[in-house]
Structure formats: structure tokens, C-alpha cells
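**Q** sequence first, predicted coordinates after that:
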Amino acid sequence: MATNKGRVYFGLMGYHFNPDDITRMIDLEPTSVNAKGAGTNLDKPAISSWELSTETLEGDEIDLYALADILLKELEPQKEKILQVIKSHNLSPRVSIELTLSVNKGESSPEVGIGSRMMRFLAEIGAFFNVEYELSERI
């Protein structure tokens, strides 16, 4: 049977940057990077990304608020470094909730949101908040 899946991640996106530089500057090990734009020239812009994610949870009871708090505990101590790298590399910061929702009858849907501490952090660094969702296939 298909179940709900969810994770929360922090991402930095921008043109012409090397994600390894970001890792060194903010002193956090990302869960994924895309260096597509690192070696491109200005006439063919390509976006690079740096991402720090929680684990992906599955089941009826996914607590997205708790996942966001876990992520925030890693990010808060590095806030000043994150602000510096956003400015120096002209990056777009965001926190996203990624969900796959079960379409099976009787399966509950998780509450989607973030707490006030995360909202304050996002406002302080000028970040976007995004919810990405899809429906699972019936099995």
C-alpha cells in the first residue's frame, strides 16, 4: 500500500557558483549538490544548488513541524555564515517541504507547515518557503 512520504530541506540556488565553496564557507556538509553552473560562462547561465535535507519519513504520522525543527537546529548556529554566502554569491535561499501524499482511503494526510522559529529564521535570511507535493499511485 502507498504511504505518505515527507522531508524538509534548505537550499541555496544561484548562477555560477561552486557548491564546494559554500560547504567550506558555512561549515555544514550538504546532503546533495548540483555544480551545473560552476564552470559556465555568463552567456549560458546554469543554476547550481547546495542542499541540506532531513531524512525522508514514511507513514501515517509524519511530523513535518518536527522535521523543520531538526533542520533549523543545524542552520541556526551558522546563520551569519549563511547570510554572508548568500550576499557574496548572490544566492536564493529557500526551505521546502517535499511531500508524496497517499491516495489510499483511510490514510491520513500530514499537517503541512513550519513553526514560528523557522518563519523568523527565513525572514532574517530573506528565504522563500515552498511546498512541493505529488500524489502517490494506488497500489
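**A** Yep, that arrived.
**Q** for the nearest residue to His89 once chain neighbours are set aside, grab the count of nearby residues.
**A** Leaving aside its sequence neighbours, His89 sits nearest to Phe17 (C-beta to C-beta, 6 or more residues apart in numbering; 4.7 Å). C-betas here are computed from N, CA, C, even on glycine. Counted with other C-beta atoms under 10 Å, the neighbours of Phe17 add up to 22.
**Q** pretty sure Phe17 sits against Ser92.
**A** No - using C-beta atoms under 8 Å, Phe17 is not in contact with Ser92, being 11.1 Å away.
**Q** overlap of the contact sets of these two?
**A** Counting by C-beta atoms under 8 Å, 6 or more residues apart in numbering, Phe17 and Ser92 have no shared contacts at all.
**Q** residues contacting Thr31?
**A** Tyr9, Glu51, Leu52, Ser53.
**Q** neighbour count added to these, as a markdown table?
**A** Listed next are these as a markdown table, based on neighbours: other C-beta atoms under 10 Å:
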| residue | neighbour count |
| --- | --- |
| Tyr9 | 22 |
| Glu51 | 17 |
| Leu52 | 21 |
| Ser53 | 17 |
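**Q** pLDDT wise, what is Tyr15 at?
**A** You'll see Tyr15 listed with a pLDDT of 86.
**Q** hang on, it packs against Lys36?
**A** No - if you go by C-beta under 8 Å, Tyr15 and Lys36 don't touch, sitting 9.8 Å apart.
**Q** anything in contact with each of those two?
**A** Residues within reach of Tyr15 and of Lys36 at once, by C-beta under 8 Å, 6+ apart, are Ala46, Ile47, Ser48.
**Q** so the first one makes contact with Tyr15?
**A** Which is Ala46. Yes - judged on C-beta under 8 Å, Ala46 makes contact with Tyr15 at a distance of 7.1 Å.
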